[in-house]
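> Have a look at this prediction, sequence included:
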Amino acid sequence: GDLLHLTPVIRQLKKSYPESKISILVSSQATKSLFVNNPYIDKIFVYDKKSLHKKIMNFFNLCKEIKKDNFDLILNFQRSNLRLWFLIFYLCPKKVLVYHKNEKKHVVVNHLETLKSLKIDVEISDIQLDLFLDEESEAFAKNFYSSNNLFDKKVIVLNPGASHIVNRWSTTHFASLIGLLQNNNNVRLVLIGSKEDISLAKKIIELSKNNDIINLAGEVNLLKLASILKGSKILVTGDTGPMHIATAVGTKVIALFGAADPERTGPVGKGNIVIQAKDVKCVPCRERVCNNERYLECMDNIKPQEVYEKIRESLV
């Protein structure tokens, strides 16, 4: 999600400097896939700080590799990463721009404002996220929809996972929502998630007692997930990466927000719906650990019936 938030910056940079060569530094091979088909990106470097580049020698080798490209400008959107600052100084670019966080603005707009010091006529309204799919992923999705007889169905995707527990809707609420939806013969449900979310998905299926749900948790990479989302009607999710992937491919999102602030990280684009708990004093707290006396009251107070009604309205 954080990386996709940068795509409007990349697009506007390329638009202002069409002859420029733009590279991006990402944290894994998985996130690299989000940019391999991006026409505005010329090169992708992977800085795997949790594994490969945790070793100092491997990190230095990466620095040497990047330095060969002799960068004129570096935009730093990770201000607190000390190794990244070392890399920047080592590269000796002509200019460095540093992102300054403003919690009162949407993160995409906040990122775009970083370009103003380049005297770029920044189009703040141009905040559509970019995610370019490849033929292999789109063919996978086409086969998935065909083999499951989904082309004449209204596919609703459910995403129970999130990196931070405070952004997760409960498995019991997801199961209740499935119960409300299962009587609609024209709707098919798909569960998604990373490998870490496999247990969540299994728990939801167990609680819902619905064996007709297609469970893709831990089964597909990011581009294949994006292609599947592109063919679906709605994604129901908390504030997490798949939410931004869905908006990037034009799929309507029903986003469930508790601790997170939708004014800051909400779904980008038209037609999306944000549901936020009412009458919870600490919402949004923007914290990653719940300190409320009633644990995760903000997410628990978003009721399945309310989400179901929003889905019904969206399917009309």
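The structure has been received and is ready for your questions.

> Which element, helix or strand, includes Phe89?
Assigning secondary structure by DSSP states H and E places Phe89 in helix 82-91.

> Please state the offset of that helix from the chain centre?
Relative to its parent chain, helix 82-91 has a centroid offset of 27 Å by C-alpha atoms, centre = their mean, to the nearest Å.

> What of stretch 247-261?
On C-alpha atoms, centre = their mean, the centre of stretch 247-261 falls 9 Å from the chain's centre.

> Averaged pLDDT, it. What do you get?
Here stretch 247-261 scores 97 as its mean pLDDT.

> for stretch 124-143, same thing?
On average, stretch 124-143 scores 95.

> tell me which residues of it are tucked away?
Going by neighbour count (16 or more other C-beta atoms under 10 Å), the buried part of stretch 124-143 is Ile127, Leu129, Asp130, Leu131, Phe132, Leu133, Ser137, Glu138, Phe140, Ala141. All C-beta atoms are positioned from the backbone trio N, CA, C, and that covers glycine.

> Next: stretch 308-316.
Using 16+ other C-beta under 10 Å as the test for burial, stretch 308-316 gives Tyr308, Lys310, Ile311, Ser314.

> Which strands and helices lie in contact with the helix holding Phe89?
Identification of packing neighbours for helix 82-91 by 3 or more C-beta pairs under 8 Å, 6 or more residues apart in numbering; DSSP states H and E yields helix 56-67, strand 73-76.

> Mind doing that once more with 6 Å?
For helix 82-91, the elements it packs on are helix 56-67, judged by 3 or more C-beta pairs under 6 Å, 6 or more residues apart in numbering; DSSP states H and E.

> before we move on, back to that, need the buried residues of stretch 124-143 in CSV (columns: distance to Phe174).
CSV is the format used below for these (distance: C-beta to C-beta, whole Å):
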residue, distance to Phe174
Ile127, 29
Leu129, 25
Asp130, 30
Leu131, 25
Phe132, 31
Leu133, 27
Ser137, 26
Glu138, 28
Phe140, 25
Ala141, 23
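
> Tell me which of those fall in helices.
Counting by DSSP state H, the part of the buried residues of stretch 124-143 found in helices is Ser137, Glu138, Phe140, Ala141.
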